[in-house]
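Q: Starting from these lines, generate the structure:
(2 chains)
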Number of protein chains: 2
Amino acid sequence: MIEVALSPTEIKDYRSQPLDSFTSVVFDTLRATSSIITGLAHGVTAFVPLETLEEARARKRSDPALLLAGERRGVAPPGFDLGNSPREFKKLAGQKILLTTTNGTAALRSVAGSAEVLVGALLNIDALAAAVAESRPTQLLLVCAGTHEDFSLEDAITAGALVHRLCSLGQQELSDAAILVRCLYEKVADDLEVWLKRSRNGRALLEINKENDIVDCSRLSVLSAVGVLRGEEVVLRA
Amino acid sequence: MIEVALSPTEIKDYRSQPLDSFTSVVFDTLRATSSIITGLAHGVTAFVPLETLEEARARKRSDPALLLAGERRGVAPPGFDLGNSPREFKKLAGQKILLTTTNGTAALRSVAGSAEVLVGALLNIDALAAAVAESRPTQLLLVCAGTHEDFSLEDAITAGALVHRLCSLGQQELSDAAILVRCLYEKVADDLEVWLKRSRNGRALLEINKENDIVDCSRLSVLSAVGVLRGEEVVLRA
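A: Down below sits the predicted model:
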């Protein structure tokens, strides 16, 4: 059965549940999980998702060799080495990166108790589908990170892209929310960049002149890296 | 701006908010709001939504002239006069009906503090769109009643049908969730009965031999009645 946590409010419901029978896949399409996949595909050794600025800055102080990346209101907080644009993570092979973003890192931490936590984006959707199909979980939870407290269109589109592919690979049991996101994806699949720009996050990125990020995040299945949470780090899944 | 509470978890978030600037529209497509619209269209004077069986039975004892209707696990509870099938409410002109269902009545009560609470179904979708367009709310909240704690496909489809129509009437500001349900509706609009049968509630109704109810609830815009919450009663909106 494929379940979907559509929004941060729904994700909270899973925080208190035993998730050890679940494989979870976290989507923060604009931009945290797209940045993570881009980094891992280009040799970053690990991302450490952290929920608060304080936590991230404290870790940086105790280990200055790590790079500090992330965003608040779309831009890198003061003193950070990097923001949250996928293209910033293309030339950092061999580095380990502390990452704190508004929703993506919190979503990753919320489902950390799952049997396996994968990291998804449009960028790696076919590789992700292959990884899920290979591990054959009895319960699959797709986690749409959202924006602050709200549902985000682009995360549901990406979740739908995965459901669409898993159905092609033989998956049949879908929750109503899984049917929903599949229908959404099939409706918008031919114009992903256009629909990402129509989303609230897309419009916010356009306003701060980050159109390139939307373009970068809307590319479908151009990378074969899949991220997996091991302890507190997201690393390349073998 | 059109907002959408996609699931019971999200509806709970609105319980504590001041809703006096909102017009809310509640959808419990399979079957509570479809039954209400069918009843109002056929002369039922009012429905009184009640959350618990105890509450409903107590009201019936204190006023035995009222009819007691509703469901648990899809069927009428012991001692009830009526279940929750739309066709049961076609020959009850002049009657007042106490109604308790798993999700629909709770959703109605959750947004009772709104400036206006309307009742929606596929059955009355054009009349509903006209009523909303006429009242020109600055904030419109579409409430998908769901199933127990979960998102229900059929409520999102109906919410999407309304968004689709409001966009045709000039509405432009959509939240991401409003875009989502509109996309869903546009994907499934040509086969509403098929998609209602694919939903979790649809499959549950098929299992208890209530296919007729799905057929009845999937008819698009065949009734012009719109329900509105006045005090504790849902009545015909003038």
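Q: A:Pro64 - how many residues pack around it?
A: For A:Pro64, the count of nearby residues is 9 (other CB atoms under 10 Å in any protein chain shown). The C-beta positions use only the backbone N, C-alpha and C, and glycine is treated the same way.
Q: Distance check, it against A:Thr100.
A: Distance, A:Pro64 to A:Thr100, by CB to CB, to the nearest Å: 17 Å.
Q: what do you get for A:Gln172?
A: 38 Å.
Q: who has more neighbours, those two?
A: A:Thr100 (27 against 8).
Q: Would you mind listing what in chain A touches chain B?
A: Contact residues, chain A versus chain B (CB under 8 Å from any CB of the partner chain): A:4, A:6-7, A:9-10, A:13, A:147, A:149-153, A:156, A:175-177, A:179-180, A:183-184, A:186-188, A:198-200.
Q: And the strands in chain A?
A: A:2-5, A:22-27, A:46-49, A:67-70, A:96-100, A:116-120, A:139-144, A:227-230, A:233-236 (DSSP state E).
Q: And the last one, what's buried?
A: Neighbour counts using 16 or more other CB atoms under 10 Å in any protein chain shown place A:Val234, A:Val235, A:Leu236 of strand A:233-236 among the buried residues.
Q: Kindly report the same for the first one.
A: Judged by neighbour count using 16+ other CB under 10 Å, the buried positions of strand A:2-5 are A:Ile2, A:Glu3, A:Val4, A:Ala5.
Q: And those residues, which is closest to chain B?
A: Of all the buried residues of strand A:2-5, A:Val4 has the smallest distance to chain B: 8.0 Å, by CB to the nearest CB.
Q: Would you mind measuring from that closest one to A:Ala189?
A: 17 Å.
Q: Equivalent analysis for A:Gly94, please.
A: For A:Gly94, the distance to A:Ala189 - CB to CB - is 36 Å.
Q: Which one of those two is surrounded by more residues?
A: A:Ala189 (14 against 7).
Q: Next up, the contacts around that one.
A: A:Ala161, A:His164 (CB atoms under 8 Å, 6 or more residues apart in numbering or on different chains).
Q: Also A:Arg200?
A: A:Thr147, A:Asp150, A:Ser152, A:Leu153, B:Ser175, B:Asp176.
Q: Put together a markdown table for those, with neighbour count, distance to A:Leu122 and pLDDT on each row.
A: Below are these laid out as a markdown table (neighbours: other CB atoms under 10 Å in any protein chain shown; distance: CB to CB, whole Å; pLDDT from 0 to 100):
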| residue | neighbour count | distance to A:Leu122 | pLDDT |
| --- | --- | --- | --- |
| A:Thr147 | 21 | 17 | 93 |
| A:Asp150 | 18 | 20 | 93 |
| A:Ser152 | 28 | 13 | 98 |
| A:Leu153 | 29 | 13 | 98 |
| B:Ser175 | 21 | 22 | 97 |
| B:Asp176 | 24 | 16 | 98 |
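Q: from those, which single one is nearest A:Ile37?
A: A:Ser152 (17.2 Å; CB to CB).
Q: Just the helices from chain A, written as ranges.
A: Secondary structure of chain A (DSSP state H): helices at A:8-15, A:32-41, A:53-62, A:104-110, A:125-135, A:153-168, A:176-188, A:192-198, A:200-207, A:211-217.
Q: among those helices, which is the most enclosed?
A: helix A:32-41 (a mean of 30; mean count of other CB atoms under 10 Å in any protein chain shown).
Q: and the angle from that one to helix A:125-135?
A: Orientation of helix A:32-41 against helix A:125-135 (axes from the mean of the first three to the mean of the last three CA atoms, to 10 degrees) gives an angle of 80 degrees.
Q: outside of helix A:32-41, which residues touch it?
A: So helix A:32-41 is contacted by A:26-28, A:47, A:49, A:69, A:84-90, A:92, A:97, A:99, A:101, A:103-105, A:119-124, A:145, A:216-217, A:223-227, A:234-236 (CB under 8 Å, 6+ apart).
Q: That helix - what's its average pLDDT?
A: For helix A:32-41, mean pLDDT is 98.
Q: send the alpha carbons of that helix over as CSV?
A: Backbone C-alpha positions of helix A:32-41 (Å, rounded to 0.1, in the frame of the first residue of the first chain) are rendered in CSV as follows:
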residue,chain,number,x,y,z
ALA,A,32,16.1,20.9,-0.4
THR,A,33,15.8,17.4,-1.8
SER,A,34,16.7,18.5,-5.3
SER,A,35,19.8,20.1,-3.8
ILE,A,36,20.7,17.0,-1.9
ILE,A,37,20.3,14.7,-5.0
THR,A,38,22.4,17.2,-7.1
GLY,A,39,25.1,17.2,-4.4
LEU,A,40,25.2,13.4,-4.0
ALA,A,41,25.3,13.0,-7.8
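Q: tell me which of the buried residues of strand A:233-236 is nearest to chain B?
A: Using CB to the nearest CB, the buried residues of strand A:233-236 come closest to chain B at A:Val234, 25.4 Å.
Q: is it true that the closest one touches A:Leu108?
A: Yes - using CB atoms under 8 Å as the test, A:Val234 is close enough to A:Leu108 to be in contact (7.2 Å).
Q: what touches both of those two?
A: With CB under 8 Å, 6+ apart as the test, A:Val234 and A:Leu108 both reach A:Pro49, A:Val119.
Q: quick one on the thing from earlier: just put the contacts of A:Arg200 in a markdown table and tack on distance to A:Ala32.
A: Listed next are these as a markdown table, based on distance: CB to CB, whole Å:
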| residue | distance to A:Ala32 |
| --- | --- |
| A:Thr147 | 11 |
| A:Asp150 | 16 |
| A:Ser152 | 11 |
| A:Leu153 | 16 |
| B:Ser175 | 21 |
| B:Asp176 | 17 |
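Q: That's all I had, so thanks and see you.
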